[in-house]
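A.B. asks: Pasting the sequence and the predicted coordinates here, then a few questions.
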Amino acid sequence: MAGIKSTMDLVMERAARMGMATPDEMRSEENLKKGMQAAAEFLNGAAPSLLALLDGQEPAQQPAIRKGMLTSLLRNLFLPRDEVGIKRLERAVQGIVELNRNSADIAALCQELHTIASQYGQHRTQLYEQLKEQMRMQIEQLLMRKGMKADSMKIDPTMEPQFKDQWARLEMDLDRQYGQALEQFKAQLREWAGA
């Protein structure tokens, strides 16, 4: 617990560093933030090309801006749970490939990462539907044992507390498995892209 720093401690440390920072370090920090902001605009669809944004900057500023862009893009590599998440992940992958256009290794790694994210979505949907069907059958059997007809009732197993508990466990296991693979890909991308 002693190793965990509070937000205030982190802010105070950063303020102390900024007080000791040289003008070059402060410019570099500003350029990192500029790159992160540019990547955020790209991810939100407000900017068509990261390279165009990067090429429009002074050559001396470009490395720090690029690093900021990559940092922001890497933060947006996650396991998507819906269509919005899939689009954001695809946009982040597109940005990473664009910023590393001369690296076939990074393009291939990004393709593998995209495949993992797609498999996660499919696997998640499949598990959800299997659990839903399993619970529906259990409810129907229970009703039949009580002499009731399940056909006359609209059964929604997803509303059952047991379903929610089992789904939470399954989803946590799935997230852990795919999350480990995703983190490995992100670490490799950070290393190869210089982020």
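C.D. replies: Arrived safely.

A.B. asks: Three-state assignment for the residue positioned nearest the centre of the chain, please.
C.D. replies: The residue lying closest to the centre of the chain (Cα atoms, centre = their mean) is Phe78, at 1.7 Å. Per DSSP: H, G, I helix; E, B strand; the rest coil, the local secondary structure of Phe78 is coil.

A.B. asks: now the helices for the chain?
C.D. replies: Ranges of helices in the chain, per DSSP state H, are 7-20, 23-43, 50-55, 62-75, 83-99, 104-145, 161-193.

A.B. asks: Out of the ones you listed, which gets nearest to Lys154?
C.D. replies: helix 104-145 (11.0 Å; Cβ to Cβ). Any C-beta I mention is one placed from the backbone N, CA and C, and that applies to glycine too.

A.B. asks: Pull the distance from that closest one to the chain's centre.
C.D. replies: 18 Å (Cα atoms, centre = their mean, to the nearest Å).

A.B. asks: for it, packing partners?
C.D. replies: Secondary-structure packing of helix 104-145 (3 or more Cβ pairs under 8 Å, 6 or more residues apart in numbering; DSSP states H and E): helix 83-99, helix 161-193.

A.B. asks: related to what we said a few turns ago, from the helices of the chain, which stretch is densest packed?
C.D. replies: Mean neighbours per residue, mean count of other Cβ atoms under 10 Å, is largest over the helices of the chain for helix 62-75, with a mean of 21.

A.B. asks: Below-threshold pLDDT in this protein: ranges please.
C.D. replies: 1-21, 150-153 (pLDDT under 70).
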